[in-house]
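A.B. asks: No sequence on hand, only this structure:
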């Protein structure tokens, strides 16, 4: 079972059918996805800016990240759930959509960047927790994080305007009108 | 402000929100990109359905006049047209869905073509989509609405070609 099969299975599921045929489902789920994305980006941005030495420096890095990350993870969970729901509504089309694929790659890159920071520069945080200037590695991670999340939002919005008109004909369709 | 008038205000606000929520079904963008004066009627083989939340699209390969094959360009590739309509959930209320019109199905549909000349059009106010029984093409020059056992998705007869 390859990725396309998995996408088709998700699309053909009861969830997909419900999302496609319920007049209120898509607008509500879409709104929740926007709220989730705004919360993820907003809280990540506060932490990244602190690492870059911009917001309220009276707060230590660990305090800012400690306060924000609960919201980040909760909102990310909501974003994944609502994202899967929207994907299920039209899985085959999203699967082949370039903007959608770039979005997933950008998300993976943002996650990898976060993990690298967490297991790298962040381990020595005790030494620079209350300082305005973070180590270079932390600042690079923060700047990259902002860029990647902005990228995620941009390509995500692109999906909605590039998912139409695909005139390609699948191979398995009989166009010679053979009578069985 | 007393309780009654506050309640009234909240009720009015709730009504307005409810009305706004119902609006997308009624008022949408203009149809300026389509030539609404022109109507083309096709019978063809469904190649793909894109159940988009904003505009469901059906892609199909139109049959030739004899209904013995599909139209092909000079290089032998099938010509493919797209017809688009309301969002997938609205279309589902007429029975139009990925499962009711799977690839390979024979359908007849009337559409207003794009002004740009691209092979696509709008189904707005062109009557029902008719589905032929499996593997039963209509007689030459005719459409699925003439075939016994056909299904209709939506209201009204198949629109007549115009201009």
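C.D. replies: Okay, I see it. Everything numeric here is computed off the predicted structure, so don't read it as measured data. Residues are numbered from 1 along each chain as shown, chains lettered A, B, ... in the order given.
A.B. asks: ok, now how distant is the residue in chain B positioned nearest to chain A from residue B:50?
C.D. replies: Residue nearest to chain A within chain B: residue B:92 (3.8 Å; C-beta to the nearest C-beta). Glycine gets a C-beta too; all of them are placed from N, C-alpha and C. Separation of residue B:92 from residue B:50 (C-beta to C-beta, to the nearest Å): 14 Å.
A.B. asks: Could you give the backbone dihedrals for the nearest residue to the residue of chain B closest to chain A once chain neighbours are set aside?
C.D. replies: Counting by C-beta to C-beta, 6 or more residues apart in numbering or on different chains, residue B:92 lies nearest to residue A:21, which is 3.8 Å off, once chain neighbours are set aside. Torsion angles at residue A:21 (phi, psi; degrees, to the nearest 10) stand at phi -110, psi -10.
A.B. asks: Residue A:61 now?
C.D. replies: Main-chain torsions, residue A:61, degrees, to the nearest 10: phi -60, psi -40.
A.B. asks: Look up the closest residue to it, ignoring the ones flanking it.
C.D. replies: residue A:129 (5.2 Å).
A.B. asks: quick one: pLDDT of that neighbour?
C.D. replies: We have a pLDDT of 92 for residue A:129.
A.B. asks: burial count for it?
C.D. replies: 14 (other C-beta atoms under 10 Å in any protein chain shown).
A.B. asks: Next: the one 3 residues further on.
C.D. replies: The criterion is other C-beta under 10 Å. On that basis, residue A:132 has 10 neighbouring residues.
A.B. asks: Ignoring the adjacent residues along the chain, who's closest to it?
C.D. replies: Nearest residue to residue A:132, sequence neighbours excluded (C-beta to C-beta, 6+ apart): residue A:53, at 4.7 Å.
A.B. asks: ok, now residue A:23?
C.D. replies: Using C-beta to C-beta, 6+ apart, the nearest residue to residue A:23 is residue B:89, at 4.3 Å.
A.B. asks: what residues are up against the one you found?
C.D. replies: A:20, A:21, A:22, A:23, A:25, A:26, B:53 (C-beta atoms under 8 Å, 6 or more residues apart in numbering or on different chains).
A.B. asks: next structured bit after the lowest-mean-pLDDT helix or strand in chain B?
C.D. replies: Ranked by mean pLDDT, DSSP states H and E, the weakest helix or strand in chain B is helix B:3-26, scoring a mean of 60. Moving toward the C-terminus from helix B:3-26, the next helix or strand (DSSP states H and E) is strand B:40-50.
A.B. asks: near chain A at all, that next one?
C.D. replies: Yes - shown here: strand B:40-50 in contact with chain A (C-beta under 8 Å from any C-beta of the partner chain) through B:45, B:47, B:48, B:50.
A.B. asks: I'd like these laid out as TSV, including neighbour count and pLDDT.
C.D. replies: What follows is the residues of strand B:40-50 next to chain A, written out as TSV (neighbours: other C-beta atoms under 10 Å in any protein chain shown; pLDDT from 0 to 100):
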residue	neighbour count	pLDDT
B:45	26	96
B:47	24	95
B:48	21	93
B:50	20	93
